[in-house]
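In: can you look at this prediction? I've put the sequence above it.
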Amino acid sequence: MRVAVLGLGEAGSVYAGDLAARGAMVAGVDPRVRPELPGVRQVPTIAEAVDGAEVVLSLVGGEASTTALDEALPSMGDGALYADLNTSHPDTKRALAARAAERGIPFSDIAILAPVGRARIETDLLVSGAATPRLLDVLRGVGIPAADAGPEPGAAAGRKLLRSVFMKGLAALVLESATAADAVGARDWVMGQIAAEFGDGGERFVERLLDGTRRHAVRREAEMRDVAAYLESLDAAHPMTDGTVQWLRTVAADPALPAR
């Protein structure tokens, strides 16, 4: 299988490297980074990366997803699949699907359901869009767990945003607790109380929440703004999400919060 991976940041480099290790012929492109990825042919342009690819995986970040698609489409061959794994609003996914359809390219919206640093390529995926049945066969064929969210592009993205209300909101609550506890020298006790609620592995889980918030605050703030907009479109209340956005904006400005 010939695969093009657009974007070789944290997630993109995992998919590129792991797919190559499982026998795929992988071409990768990223104008900002050039990681060491054995078996991955890194090229300078998106057009070169997608030329001859059977599957194109876009992991460029939501803000660059439209540009990446527009650069890829003219060089994609008949029958090639385009999969957008970036986190963005369902409306954005639907717009991308429409652009791909104009060129006759099957499009899939993919939601990555956990940070890839833990399970790497075996991280659970949720897939929607017209090309879902074909893409599910491809993904499962290389050992990537993926579930069907239906034929409508944006469905997978919407479900991920709903999940983020809880997951990112939970991280914000832990962050708020840790920051307040630091003020009275009670962080270890408070974090121990929180960790105990999650049972075995609770301490590692809580620390992952805090570390992930510190390291990815800018990206997660953008994601949670999309969450707020999505909830607004559903006429659903979102005061917790608004608070999460504010906390992420604060951490982005001062990533040392809370002190370790």
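Out: Arrived safely, thanks for sending.
In: in the host helix or strand of residue 162, which residues are buried?
Out: Using DSSP states H and E, residue 162 maps to helix 155-183. Going by neighbour count (16 or more other Cβ atoms under 10 Å), the buried part of helix 155-183 is 155-161, 164-165, 167-175, 177-179, 181. Where you see a C-beta, it was placed from the backbone N, CA and C, and this is true even at glycine.
In: check stretch 226-234 too.
Out: In stretch 226-234, counting by 16+ other Cβ under 10 Å, buried: 226, 227, 228, 229, 230, 231.
In: any idea of the mean pLDDT in that stretch?
Out: The pLDDT scores in stretch 226-234 average 96.
In: try stretch 172-192
Out: Stretch 172-192 comes out with an average pLDDT of 95.
In: ok, now stretch 97-110?
Out: Taken as a whole, stretch 97-110 has a mean pLDDT of 96.
In: gap between the two ends of stretch 147-163?
Out: 15 Å (Cα to Cα, to the nearest Å).
In: how much distance is there from it to the middle of the chain?
Out: Averaging C-alpha positions (Cα atoms, centre = their mean, to the nearest Å) puts stretch 147-163 13 Å from its chain's average.
In: please enumerate the helices of the stretch 51-200 of the chain.
Out: With DSSP state H, counting those that start in this stretch, the ranges of helices along the stretch 51-200 of the chain come out as 65-72, 90-102, 116-119, 132-141, 155-183, 187-197.
In: and those helices: which comes nearest residue 214?
Out: helix 155-183 (8.9 Å; Cβ to Cβ).
In: look up how far residue 8 lies from the spatially closest residue to residue 209 that is not a sequence neighbour.
Out: Nearest residue to residue 209, sequence neighbours excluded (Cβ to Cβ, 6 or more residues apart in numbering): residue 171, at 4.2 Å. Distance, residue 171 to residue 8, by Cβ to Cβ, to the nearest Å: 26 Å.
In: pLDDT value on residue 254, please?
Out: Value for residue 254, per-residue pLDDT: 88.
In: that one: how many residues sit nearby?
Out: A total of 10 residues lie near residue 254 under the criterion other Cβ atoms under 10 Å.
In: what does residue 83 give?
Out: 23.
In: count of neighbours near the closest residue in space to it that isn't next to it in sequence?
Out: In space, and not counting its chain neighbours, residue 83 is closest to residue 108: 4.5 Å by Cβ to Cβ, 6+ apart. When neighbours are counted by other Cβ under 10 Å, residue 108 registers 31.
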